[in-house]
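*Asks:* Got a predicted model here, sequence first, then my questions.
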Amino acid sequence: SPLLITAARVIVTCPGRNFVTLKIETDQGVYGIGDATLNGREMAVVAYLNDHVCPLLIGRDARRIEDTWQLLYRGSYWRRGPVTMRAIAAVDVALWDIKGKALGAPLHELLGGRSRDRVMVYGHANGADIEETVDAVGRYIDLGYQAIRAQTGVPGLTNAYGVGRGEMHYEPADASLPTETVWDTRRYLTHVPKLFQRLRDTYGPEPRLLHDGHHRMTPQEAARLGKSLEPYDLFWLEDATPAENQEAFRLVRQHTTTPLAVGEVFNTIWDCKDLIQEQLIDYIRTTIVGAGGLTHLRRIADFAAVWGVRTGCHGATDLSPVTLGAAVHFDAWVPNFGIQEYMRHTEATDAVFPHDYRFGAGFLIPGDRPGHGVDIDEALAARYPYDPRQLPIARLTDGTLWNW
Ligand code: GCO
Ligand code: MG
């Protein structure tokens with residue numbers, strides 16, 4: 001018998017940072033939730049869902065996930081893009097949640113069952129200078145992490161990328177109008193190898209070390225950084241150069257064996273198909289909320305598997321516990337799993353989104369609750385009204401606007 005959608009509601013809450021959540025209800029009392037958060041541009045997705053998507057859902061059979069995905073993707077005519085694909089992701093994840101609950105199965109069972117018991121995660125260590133970052137990495141090692149992303153301030157630059165306040169809860173969207181930061185790639189390129197030299201000297205060869213270039217280098221500069229980091233055996237160098245032009249990675253690839261990861265800003269398989277099939281990257285960073293939900297991310301992952309590319313889902317704090325919960329199930333299943341980014345949410349966020357995934361010794365472990373295992377406490381959510389925040393911007397030392 002069908003499971004008819006009776007309501008679809010958007011919930012905006014700010015327990016420390018803004019989250020947009022879609023709740024879909026059915027005639028049989030089963031409901032599901034999906035994340036639609038787009039950091040710094042939240043209300044665009046709220047309007048897209050409320051005005052254009054929710055009305056389409058009422059009366060549909062919640063079991064028909066694929067058909068609903070195609071309806072929202074093809075049916076809009078205007079395809080792709082971060083707003084559209086996040087709205088689709090929210091619907092998709094809510095429907096997978098409903099299917100799991102209706103069948104009494106956790107998400108990883110629906111996907112094909114677990115390929116592993118637990119998923120390796122990496123956290124962010126950052127500091128204003130090299131010594132601070134070295135200490136921060138040590139604290140992650142003490143917590144059991146086996147993989148750590150390291151970012152450091154660069155002498156002469158204020159607010160270099162990745163250097164936040166606070167230890168475990170880095171959140172760059174910090175003001176209602178964008179904070180201005182200053183960037184100088186030349187200084188960065190000479191400084192970063194010193195950080196990784198110090199990290200290997202201090203902690204030896206064992207920890208997996210990662211670094212994020214955050215789209216700031218040209219292909220030639222990225223190639224140079226990749227080469228200069230080779231002695232330190234990075235797990236990956238992320239977003240070494242912008243990927244709007246996928247071919248840009250050919251130059252980087254030809255010059256360095258440092259593994260490359262890209263894709264947190266991608267929305268569909270079309271954004272990464274050349275990178276994958278030409279084996280220009282090692283890890284694909286697309287995530288559930290960013291790339292149209294489980295239905296589409298699974299398609300990307302299967303395509304990537306053909307070319308030996310592994311997954312490395314984005315998991316910064318702007319991805320809500322709903323996305324993280326679904327990601328842990330996806331990661332437990334996906335055969336070509338690489339790693340999962342995991343930045344801890346604040347206690348207030350965790351209270352608004354009760355969940356059954358848990359962290360232990362550097363890994364996240366999926367729960368056994370039906371669906372993705374994450375809920376929303378709506379009464380608590382209502383106590384945290386929307387608080388407009390934007391991501392920072394970056395300018396070169398002469399004032400030129402650059403990639404943040
Ligand atoms: C990462 C990312 C994030 C982004 C953030 C923007 O690798 O975790 O680069 O920190 O900057 O998700 O909202
Ligand atoms: Mg990144």
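*Replies:* The structure has been received and is ready for your questions. Ligands and ions are numbered 1, 2, ... in the order given.
*Asks:* and the end-to-end length of stretch 325-340?
*Replies:* 11 Å (Cα to Cα, to the nearest Å).
*Asks:* List the buried residues of it.
*Replies:* Buried residues in stretch 325-340, counting neighbours by 16 or more other Cβ atoms under 10 Å, are found at 325-334, 336-340. For the C-beta atoms, the positions are set from N, CA and C on the backbone; glycine is no exception.
*Asks:* and if you look at stretch 8-23?
*Replies:* Buried residues in stretch 8-23 (16+ other Cβ under 10 Å): 8, 10-23.
*Asks:* next one: stretch 142-156
*Replies:* Tyr145, Gln146, Ala147, Ile148, Arg149, Ala150, Gln151, Thr152, Gly153, Val154.
*Asks:* ranges for the helices of this structure?
*Replies:* Secondary structure of the chain (DSSP state H): helices at 42-47, 54-57, 65-74, 82-103, 107-111, 130-142, 185-203, 219-229, 248-255, 273-277, 293-306, 321-333, 347-352, 378-381.
*Asks:* Which elements pack onto the fourth one?
*Replies:* Put plainly, it is helix 82-103. Counting contacts by 3 or more Cβ pairs under 8 Å, 6 or more residues apart in numbering; DSSP states H and E, helix 82-103 is packed against strand 19-26, strand 31-35, helix 42-47, helix 65-74, helix 107-111, helix 293-306, helix 321-333.
*Asks:* hmm, it in reach of ligand 1?
*Replies:* No. Helix 82-103 stays clear of ligand 1 (Cβ under 6 Å from any ligand atom), getting no nearer than 10.9 Å.
*Asks:* just the angle between that helix and strand 31-35, please?
*Replies:* With axes from the mean of the first three to the mean of the last three Cα atoms, to 10 degrees defining the directions, helix 82-103 sits at 150 degrees from strand 31-35.
*Asks:* Take the buried residues of stretch 142-156 and lay them out in a markdown table including pLDDT and distance to Thr268.
*Replies:* What follows is the buried residues of stretch 142-156, written out as a markdown table (pLDDT from 0 to 100; distance: Cβ to Cβ, whole Å):
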| residue | pLDDT | distance to Thr268 |
| --- | --- | --- |
| Tyr145 | 98 | 31 |
| Gln146 | 98 | 31 |
| Ala147 | 98 | 27 |
| Ile148 | 98 | 30 |
| Arg149 | 98 | 25 |
| Ala150 | 98 | 31 |
| Gln151 | 96 | 28 |
| Thr152 | 96 | 34 |
| Gly153 | 95 | 35 |
| Val154 | 96 | 34 |
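*Asks:* for the residues you listed, which one is nearest Phe235?
*Replies:* Distances from Phe235 to the buried residues of stretch 142-156, taken as Cβ to Cβ, are shortest for Ala147 (6.0 Å).
*Asks:* I'd guessed that closest one sits against Trp236; true?
*Replies:* No. Counting by Cβ atoms under 8 Å, Ala147 sits too far from Trp236 to count as a contact (9.6 Å).
*Asks:* and whatever residue of the stretch 101-250 of the chain ends up closest to ligand 2, what are its bridge partners?
*Replies:* Using Cβ to the ion, the closest approach of the stretch 101-250 of the chain to ligand 2 is made by Asp212 at 4.4 Å. Legend: beta-bridge partners of Asp212 under DSSP bridges are Glu238.
*Asks:* Check the spacing between it and Leu280 real quick.
*Replies:* For Asp212, the distance to Leu280 (Cβ to Cβ, to the nearest Å) stands at 18 Å.
*Asks:* Residue ranges of each domain in this structure, please.
*Replies:* Domain assignment for the chain by automatic domain parsing gives 5-106, 111-371.
*Asks:* Is it possible to get TSV of the ones you listed that adds distance to Ala394?
*Replies:* Shown next, in TSV, are those (distance: least, Cβ to Cβ, whole Å):
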stretch	distance to Ala394
domain 5-106	14
domain 111-371	4
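*Asks:* check contacts around the residue nearest in space to the middle of the chain.
*Replies:* The residue lying closest to the centre of the chain (Cα atoms, centre = their mean) is His314, at 2.2 Å. Each residue near His314 by Cβ atoms under 8 Å, 6 or more residues apart in numbering is listed here: Gly263, Glu264, Arg285, Thr286, Thr287, Gly290, Glu341.
*Asks:* how many other residues sit next to Pro242?
*Replies:* Per other Cβ atoms under 10 Å, the neighbour tally for Pro242 reads 18.
*Asks:* For the residue nearest to it when sequence neighbours are not counted, give me its contacts.
*Replies:* Spatial nearest neighbour of Pro242, excluding adjacent residues (Cβ to Cβ, 6 or more residues apart in numbering): His215 at 4.6 Å. If you count contacts by Cβ under 8 Å, 6+ apart, His215 has them with Asp239, Thr241, Pro242, Ala243, Asn403.
*Asks:* Over stretch 317-331, what's the mean pLDDT, rounded is fine.
*Replies:* Across stretch 317-331, the average pLDDT comes to 98.
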